[in-house]
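Trainee: any chance you can model this:
(chains A and B)
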Amino acid sequence: MTLLDQPAGPSASVWPPDAHGPRRDPAPLLPDPEPFRLLGTPAADKLDPELLLDLYRRLVVGRRYNQQATTLTKQGRLAVYPASTGQEACQVAAAAVLREDDWLFPSYRDTLAVVARGVRPVEALTLLRGNAHHGWDPKAHRTAPLSTPLATQAPHAVGLAHAARLRGDDVVALTTVGDGGTSEGDFHEALNFAGVLNAPVVFLVQNNGYAISVPLSKQSAAPTLAHKAVGYGISGRLVDGNDAAAVYTVLAEAVEHARSGRGPVLVEAVTYRLEAHTNADDATRYRTPDEVEAWQERDPLAVLERHLRAHDLIDDAGVAAAAEAAEELAAEMRAEFHAEPELDPMSLFTHVYAEPTPQLREQAALLAAELAAEADAR
Amino acid sequence: MSTATATPAGSTTMAQALNGALRDAMREDPNVLVMGEDVGTLGGVFRITDGLAAEFGADRCLDTPLAEAGILGSAVGMAMYGLRPVVELQFDAFAYPAFEQLLSHVAKMRNRTAGRLPLPITIRIPYGGGIGGVEHHSDSSEAYYAHTPGLHVVTPATVADGYGLLRAAIASDDPVVFLEPKRLYWSKDDVTPGPVEPIGRAVVRRQGTSATLLTYGPSLPVCLEAAEAARAEGWDLAVVDLRSLTPFDDETVCAAVRATGRAVVVHEATGFGGVGAEIAARVMERCFHHLAAPVLRVTGFDIPYPPPMLERHHLPGVDRILDAVARLQWEQ
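Mentor: As a prediction, this is how the structure comes out:
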């Protein structure tokens, strides 16, 4: 039998196949040709001043958080810190658009978004401090642990969002990935699953230009990373990631789009990592001071502050008040991190399984004996 | 714990026992959901999920896209929201794309969140050879999983265990890699539904006095056959079915080895760095003064799984097991 001899399937009409039919999602398939912007455009005049001021205060806190974490790293209080300096608009917007019962699935550079979800810095940073893999109660904060293997948390977001829908809850999951992470297989699989399941998920790609040292041009041949949505039949949005008002607006629309059952959304926010990959990285080996300086001009905090001042929405006193609130967080961080963390070596065995295996009980007894001997020797 | 309600009595195949375990678990707990490639309309390539989509609907017996990391990764998110996914990865060697999800997230989530996010996921993987499968359809991948803390690794060798161990795996609050010996899918036995025991115990399938064969999964029937054949040589062999590689039942294994003073470990996976090496080491560490001979291993060769027309040379058979038994220093 040849291919042509094969009988037709159960359906009389075999072309086009189901998946080639009309899209369920009414949103345009091709992303915006240019990054969506609000600040500096006429549309900005119509924005709610309270929203802008709120975003500004969050950005100021976010910047101070990044500075303080970097300082703590230099002081040896954090093992390593991947700063989100320059990306604060994406970080605070990702948290601000979510409801309390929505879920955030962050990557390792997204501790600011985690803090913006209401997690204390000392809990958000335990992974990077090195005293525990993870610090906060994920269920209480509806915030998954920081994922270090890139984009591997994206399928988790899809599964959780799908499970919520099966339960009848209108919960949305938002996951954050970097430009490098979009090359990972798990990113592809997550977008495909989300499209097929019509899962209420928002994928936020913070395109900060570099995957450690590798520039976007070596990462993808796509016209934009938002175009990657097209292949999955889901909608893609492109936004200026340094325009806090635009990021907030696009993400809020995406979350609403997903929540209403119209489908997942991929958002590419074009931004820039003003600091090196981490404190252990030397960014001068792969990018020029001119480039960094050009992006500093587009620092999201400076952009928003210029807008607020130009529209008389904030004055020096307002700026000082925002800075003062940020200092409170920084002081809290210093107090928390300069204290030595409590470590319990026996906790190594506590949560490998619900019940320790006989083998783990033996090994725990071995460590307990070692600890007792150490204590005796002191 | 719960008892079976729907498993057919009488002559049952392991495939039917596994199917019954899934059905009973789904009936008892609405949070249990089955997902994987071809599990819905088709009922799975081995028909282990046959009829589940019809009874429970497509949402609870979910045909997924063909992407193993995506399947297991989305199961992680589902478990975080309170579901108990039972994932089918279609064949041993097709489970490898899910490896990162398994090692970096499934195995570690309870530990890295200090117990706040346990992942009650059962990962069913048809494994092993002996079915004439072409390349990538016959791997014995248990050592990879057993080497990973945070996972339970179990494998049934009897029809009754097909039901009981799968129920126990689904009931477990820890992730369980559930390895189904493909060549035993059509083995038949009577299943008397009974209480579901927690996983972690080995059983002595055959009492004996001369030497002890330690085995699991697809190699159990081979060992039982070897034990029968050994009677002609004057050896009375005990056979232990491990059932659970993690947790490992040192107690039952050591008691069975001490009783005879001689042991051979048998599995069809490659030997180097394999589960047999771990077992031999554990027995040596715990039973040294009871041993009359070194613990020997009979395993597959250290080669990529051979093509089907050659696989019989690779798989441990009765003769190779008896040859090992003969080398247990009987002259002393």
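Trainee: low-scoring stretches of the chain, by residue?
Mentor: No chain was given, so I picked chain A. Within chain A, the ranges that satisfy pLDDT under 70 run A:1-22.
Trainee: should've been chain B
Mentor: Those would be B:1-10, B:192-193, B:332, if you go by pLDDT under 70 across chain B.
Trainee: quick one: the strands in it?
Mentor: Counting by DSSP state E, chain B has strands at residues B:11-13, B:32-36, B:61-63, B:84-88, B:122-127, B:152-154, B:176-181, B:188-190, B:203-206, B:211-215, B:237-241, B:244-246, B:263-270, B:296-300.
Trainee: let me see the contact set for residue B:120.
Mentor: B:79, B:84, B:170, B:172-175 (C-beta atoms under 8 Å, 6 or more residues apart in numbering or on different chains). Bear in mind the C-beta positions are built from the backbone N, C-alpha and C, glycine included.
Trainee: which one (most neighbours) among those?
Mentor: residue B:175 (33 neighbours; other C-beta atoms under 10 Å in any protein chain shown).
Trainee: distance check, that residue against residue B:291.
Mentor: To residue B:291, residue B:175 is 35 Å away according to C-beta to C-beta, to the nearest Å.
Trainee: now residue A:69: closest residue in space, sequence neighbours ignored.
Mentor: Once flanking residues are discounted, residue A:69 sits nearest to residue A:81: 5.0 Å by C-beta to C-beta, 6 or more residues apart in numbering or on different chains.
Trainee: ok, that neighbour - contacts?
Mentor: By C-beta under 8 Å, 6+ apart, the contact set of residue A:81 is A:69-70, A:72-73, A:125, A:128, A:278-279.
Trainee: is it in a helix, a strand, or coil?
Mentor: coil (DSSP: H, G, I helix; E, B strand; the rest coil).
Trainee: ranges for the helices of the stretch 51-200 of chain B?
Mentor: B:52-56, B:68-80, B:99-100, B:109-112, B:142-146, B:159-171 (DSSP state H, counting those that start in this stretch).
Trainee: need the winner for burial among the ones you listed.
Mentor: Sort these by mean neighbour count, taking mean count of other C-beta atoms under 10 Å in any protein chain shown, and helix B:68-80 sits at the top with a mean of 28.
Trainee: dump that helix to PDB, keeping only the CA atoms.
Mentor: The C-alpha coordinates for helix B:68-80 follow below in PDB (Å, rounded to 0.1, in the frame of the first residue of the first chain):
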ATOM      1  CA  GLU B  68       8.900  14.500  27.800                       C
ATOM      2  CA  ALA B  69      10.400  17.500  29.600                       C
ATOM      3  CA  GLY B  70       7.200  19.400  29.000                       C
ATOM      4  CA  ILE B  71       5.200  16.500  30.300                       C
ATOM      5  CA  LEU B  72       7.100  16.100  33.500                       C
ATOM      6  CA  GLY B  73       7.600  19.800  33.900                       C
ATOM      7  CA  SER B  74       3.900  20.500  33.600                       C
ATOM      8  CA  ALA B  75       3.300  17.700  36.000                       C
ATOM      9  CA  VAL B  76       5.500  19.500  38.500                       C
ATOM     10  CA  GLY B  77       3.300  22.600  38.300                       C
ATOM     11  CA  MET B  78       0.200  20.400  38.600                       C
ATOM     12  CA  ALA B  79       1.500  18.800  41.700                       C
ATOM     13  CA  MET B  80       2.400  22.200  43.200                       C
END
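Trainee: so is it next to chain A?
Mentor: Yes: for helix B:68-80, a contact with chain A is found by C-beta under 8 Å from any C-beta of the partner chain, at B:69-70, B:72-80.
Trainee: what's the angle between that helix and strand B:32-36?
Mentor: If you take axes from the mean of the first three to the mean of the last three C-alpha atoms, to 10 degrees, helix B:68-80 sits at 170 degrees to strand B:32-36.
Trainee: what's helix B:68-80 packed up against?
Mentor: helix A:154-167, helix A:185-197, strand B:32-36, strand B:84-88 (3 or more C-beta pairs under 8 Å, 6 or more residues apart in numbering or on different chains; DSSP states H and E).
Trainee: which bits of the stretch 201-332 of chain B sit near chain A?
Mentor: Near chain A, when you scan the stretch 201-332 of chain B using C-beta under 8 Å from any C-beta, you find B:246-251.
Trainee: need the max-distance pair from these.
Mentor: Spanning the widest gap among those are B:246 and B:251, at 14.9 Å by C-beta to C-beta.
Trainee: show me which residues of stretch A:302-314 are buried.
Mentor: For stretch A:302-314, the neighbour count (16 or more other C-beta atoms under 10 Å in any protein chain shown) marks A:303-305, A:307-308, A:313-314 as buried.
Trainee: what's the answer for stretch A:71-81, then?
Mentor: Neighbour-count burial for stretch A:71-81 flags A:71-73, A:77-78, A:81 (criterion: 16+ other C-beta under 10 Å).
Trainee: what of stretch A:347-355?
Mentor: Across stretch A:347-355, burial judged by 16+ other C-beta under 10 Å covers A:349, A:351-353.
Trainee: which of the residues you listed come close to chain B?
Mentor: A:351-353.
Trainee: burial measure for the residue lying closest to residue B:183 once chain neighbours are set aside, as a count.
Mentor: Spatially, and ignoring its direct neighbours in sequence, residue B:183 is nearest to residue B:130 (3.9 Å; C-beta to C-beta, 6+ apart). When neighbours are defined as other C-beta under 10 Å, residue B:130 has 19 of them.
Trainee: for residue A:329, same thing?
Mentor: So residue A:329, with other C-beta under 10 Å, has 18 neighbours.
Trainee: quick one: it from chain B, how far?
Mentor: For residue A:329, the distance to chain B equals 25 Å [C-beta to the nearest C-beta, to the nearest Å].
Trainee: make sure I have this right: that residue is in a helix.
Mentor: Yes: under three-state DSSP, residue A:329 falls within a helix.
Trainee: longest single helix anywhere in chain A?
Mentor: Longest helix in chain A, counting residues (DSSP state H): helix A:49-74.
Trainee: check which residues of that one are buried.
Mentor: Neighbour-count burial for helix A:49-74 [16+ other C-beta under 10 Å]: A:52-53, A:55-66, A:68-73.
Trainee: kindly report the same for stretch A:32-52.
Mentor: Neighbour-count burial for stretch A:32-52 [16+ other C-beta under 10 Å]: A:32, A:35-39, A:44, A:47, A:52.
Trainee: quick one: end-to-end distance for it.
Mentor: Chord length of stretch A:32-52, first to last residue, is 23 Å (C-alpha to C-alpha, to the nearest Å).
Trainee: go on, stretch B:246-253?
Mentor: 13 Å.
Trainee: neighbours of residue 243, just the number please.
Mentor: With no chain named, the answer covers chain A. Applying other C-beta under 10 Å, I find that residue A:243 has 29 neighbouring residues.
Trainee: should've been chain B
Mentor: By other C-beta under 10 Å, the burial measure for residue B:243, its neighbour count, is 26.
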